[in-house]
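Undergrad: Sequence and predicted structure, then a few things I'm wondering about:
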Amino acid sequence: MTSTAQPPASGARGAHPEHLGHIIFITAAAAMGGFLFGYDSSVINGAVEGIRGKYDVGSATLAQVIAIALIGCAIGAATAGRIADRIGRIYVMRIAAALFTISAVGSALPFALWDLAIWRVLGGIAIGMASVIGPAYIAEVAPPAYRGRLGSFQQGAIVLGIAVSQLVNWAILNWADGDQRGKVLGIEAWQVMLGVMVVPAIIYGMLSFAIPESPRFLISVGKTGRARAILADVEGKDVDLDARVTEIEHAMHSEHKSTFKDLLGSRFGFLPIVWVGIGLSVFQQLVGINVAFYYSATLWQSVGIDPSESFFYSFTTSIINIIGTVIAMLFVDRIGRRPLALIGSTGMAIALAFEAWAFSADLVDGKLPHTQGIVALIAAHTFVLFFALSWGVVVWVFLGEMFPNRLRAAALGVAASAQWIANWAITASFPSLADWNLSGTYVIYTFFAVLSIPFVLKFVKETKGKTLEEMG
């Protein structure tokens, strides 16, 4: 029978841990999976033309090889929550790290295009698992007063991974004298680009041994003594630990563990809150953000910018991404998640509209006219800035916070899977859409940016400052 008695107040909402630096280390270690996501997303940007030349494939086939990793991401995201509820959050991180490592080695030494695709699917499964377990774990260990900023570490790690991969790609390209198929360490440069990911993958696995298990998971398996010690460490001495454990137990035991069936409602399939999570995930991708990370070098080359400059613009975009993410981290707990999302949607819509206009111009000698070229570059960087200071961060924070305890693991898995499927759709379709009409493609992205505004206003509720137990 479900208990209706409310647990005693624990003081968790205003908790301030004595050693915030330790909490930051724990959060950063968990967000290392986000770093690997960002690194993998962007490293392929530097390898696209090398893969095309090595295997002599067209744009459509190449897009499928690049995008197929996202199918693995959806699988990993769909299964990570259930696995984490059975064996713990930390063990899921270690599984993901092992898969990342195997994928990096296999991608660097493929026999043919088909096994390169297999290694990318395996890496995608790891990314999907990390994308779910990172925000969930951070939300469960972070004190409520700091949870928004700490939750934004996931996106911060993603954009840092993107920037680092661009630097590594640039260094390897120079080592190979500007040729993606030039020899480096006995193999082609693009293979080294993909193989270097083994280094952060191993670091991720090692860090998983240096952080504690989620206290909520420990309580769920009866290890309350260990959970109390971790709660004291992460939430501070002023919290009533007995009341805090009781509070978490009450929230967890009020319903049975989440399953897919729990997410279903009487109408429209899923419960409304699950649809909101799916909507946030899908809108984050349908604005076309990952085109900037998967195809930016190829995109700029297609409108007449030479390869070395295209790599430079990819790097400057990643720096803008970091700046926007830092802005979001500073303001997500001050002004809230919804206002940031609305600001970002507006800025993205305007920037994407300018990109659509710029790309509508006819090429002159294979290049955009000067004015349109300048507008395209400024608009592309502006778009990434507004995405990074809003949807890039707040979606991960929302997904870690918005679901009731009884639904969180399963709902987060479904929402993250939807995100990867939308990511795949955008990634796989862009080359063909760009061949059809590059300007029209950006009109489509603009439409979704505009549509996200009424979606947030009507369906998304603010989660700022609430404990997870207050989410239902």
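TA: Yep, that arrived. No experiment lies behind these values; they were computed from the predicted model shown. Numbers count the residues shown, from 1 in each chain.
Undergrad: Tell me which other helices or strands the top helix by length along the chain touches.
TA: Selection of the longest helix in the chain by residue count, based on DSSP state H, yields helix 408-459. Packing partners of helix 408-459 (3 or more CB pairs under 8 Å, 6 or more residues apart in numbering; DSSP states H and E): helix 59-87, helix 113-141, helix 272-286, helix 289-294, helix 296-302, helix 337-359, helix 391-401. C-beta: built from backbone N, CA, C; applies to glycine.
Undergrad: Packing partners of the last one?
TA: When you say that, I think you mean helix 391-401. helix 113-141, helix 147-151, helix 153-175, helix 272-286, helix 307-331, helix 337-359, helix 408-459.
Undergrad: just checking, Val460 touches Leu280?
TA: Yes. Shown here, Val460 and Leu280 form a contact pair, counting by CB atoms under 8 Å, at 6.9 Å.
Undergrad: who touches both of the two?
TA: Common neighbours of Val460 and Leu280 (criterion: CB atoms under 8 Å, 6 or more residues apart in numbering): Phe398.
Undergrad: what stretches of this protein score poorly on pLDDT?
TA: 1-19, 236-237, 253-262, 265-268, 297-298, 301-304, 306-308, 465-472 (pLDDT under 70).
Undergrad: In JSON lines, list the helices and strands packed on helix 391-401 along with distance to Ala227 and mean neighbour count.
TA: What follows is these, written out as JSON lines (distance: least, CB to CB, whole Å; neighbours: other CB atoms under 10 Å):
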{"stretch": "helix 113-141", "distance to Ala227": "11", "mean neighbour count": "25"}
{"stretch": "helix 147-151", "distance to Ala227": "18", "mean neighbour count": "27"}
{"stretch": "helix 153-175", "distance to Ala227": "22", "mean neighbour count": "23"}
{"stretch": "helix 272-286", "distance to Ala227": "27", "mean neighbour count": "21"}
{"stretch": "helix 307-331", "distance to Ala227": "28", "mean neighbour count": "19"}
{"stretch": "helix 337-359", "distance to Ala227": "28", "mean neighbour count": "22"}
{"stretch": "helix 408-459", "distance to Ala227": "17", "mean neighbour count": "20"}
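Undergrad: could I get those as a markdown table with distance to Arg244?
TA: Listed next are the helices and strands packed on helix 391-401 as a markdown table, based on distance: least, CB to CB, whole Å:
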| stretch | distance to Arg244 |
| --- | --- |
| helix 113-141 | 13 |
| helix 147-151 | 15 |
| helix 153-175 | 23 |
| helix 272-286 | 25 |
| helix 307-331 | 26 |
| helix 337-359 | 25 |
| helix 408-459 | 18 |
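Undergrad: For Ala189, find the nearest of those.
TA: For Ala189, the closest of these is helix 153-175, at 5.3 Å, according to CB to CB.
Undergrad: The closest one to helix 113-141, inter-axis angle?
TA: Helix 153-175 and helix 113-141 are oriented at 150 degrees to each other (axes from the mean of the first three to the mean of the last three CA atoms, to 10 degrees).
Undergrad: and of the helices and strands packed on helix 391-401, who's closest to Ala376?
TA: Closest to Ala376 of the helices and strands packed on helix 391-401, according to CB to CB: helix 337-359, at 3.8 Å.
Undergrad: Which strands and helices lie in contact with the very next helix or strand once past that closest one?
TA: As assigned by DSSP states H and E, the chain's next helix or strand after helix 337-359 is helix 370-388. Judged by 3+ CB pairs under 8 Å, 6+ apart, the packing partners of helix 370-388 are helix 289-294, helix 307-331, helix 337-359.
Undergrad: How about helix 370-388, which residues are buried there?
TA: Across helix 370-388, burial judged by 16 or more other CB atoms under 10 Å covers 372-373, 375-377, 379-388.
Undergrad: buried sites along stretch 221-239?
TA: Thr224, Ala227, Arg228, Ile230, Leu231, Ala232, Asp233, Val234, Glu235, Gly236, Val239.
Undergrad: Among the residues you listed, which pair sits farthest apart?
TA: Thr224 and Gly236 (18.4 Å).
Undergrad: Excluding sequence neighbours, find me the nearest residue to Leu433.
TA: In space, and not counting its chain neighbours, Leu433 is closest to Thr441: 4.3 Å by CB to CB, 6 or more residues apart in numbering.
Undergrad: go on, Ile203?
TA: Met32 is the one closest to Ile203 (CB to CB, 6+ apart), at 6.7 Å.
Undergrad: distance of that neighbour from Met93?
TA: Distance from Met32 to Met93, counting by CB to CB, to the nearest Å: 8 Å.
Undergrad: quick one on the thing from earlier: can you check what angle separates the longest helix of the chain from helix 337-359?
TA: Per the same axes, to 10 degrees, the angle that helix 408-459 makes with helix 337-359 is 70 degrees.
Undergrad: quick one: contacts for the nearest residue to Leu330 once chain neighbours are set aside?
TA: Spatial nearest neighbour of Leu330, chain neighbours left out: Arg149 (7.9 Å); criterion: CB to CB, 6+ apart. Neighbouring residues of Arg149 by CB under 8 Å, 6+ apart: Met329, Leu330, Val332, Asp333.
Undergrad: Could I get the phi/psi values of the last one?
TA: Going back to what we said before, that points to Asp333. Note on Asp333: its backbone torsions stand at phi -90, psi -10 [degrees, to the nearest 10].
Undergrad: Spell out which residues sit in contact with the closest residue to it other than its chain neighbours, please.
TA: Using CB to CB, 6+ apart and skipping the chain neighbours, the partner closest in space to Asp333 is Gly148 (3.9 Å). Applying CB under 8 Å, 6+ apart to Gly148 gives the contacts Val332, Asp333, Arg337, Val397, Lys464.
Undergrad: if we go to 10 Å?
TA: Listed by CB atoms under 10 Å, 6 or more residues apart in numbering, the contact set of Gly148 reads 139, 142, 328-329, 331-334, 336-337, 340, 393-394, 397-398, 400-401, 463-465.
Undergrad: Please report the distance of it from Gly413.
TA: Distance of Gly148 to Gly413, given as CB to CB: 22 Å.
Undergrad: circling back to that earlier point, pull up the overlap in contacts between Met32 and Met93.
TA: Residues within reach of Met32 and of Met93 at once, by CB under 10 Å, 6+ apart, are Ala130, Gly134, Tyr204, Gly205, Leu207, Ser208.
Undergrad: Adding distance to Pro431, write those residues out as CSV.
TA: Shown next, in CSV, are those (distance: CB to CB, whole Å):
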residue, distance to Pro431
Ala130, 27
Gly134, 30
Tyr204, 31
Gly205, 34
Leu207, 36
Ser208, 37
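Undergrad: Among these, list the two that are farthest apart in space.
TA: Using CB to CB, the shared contacts of Met32 and Met93 reach their maximum pairwise distance at Gly134 and Gly205, which is 14.1 Å.
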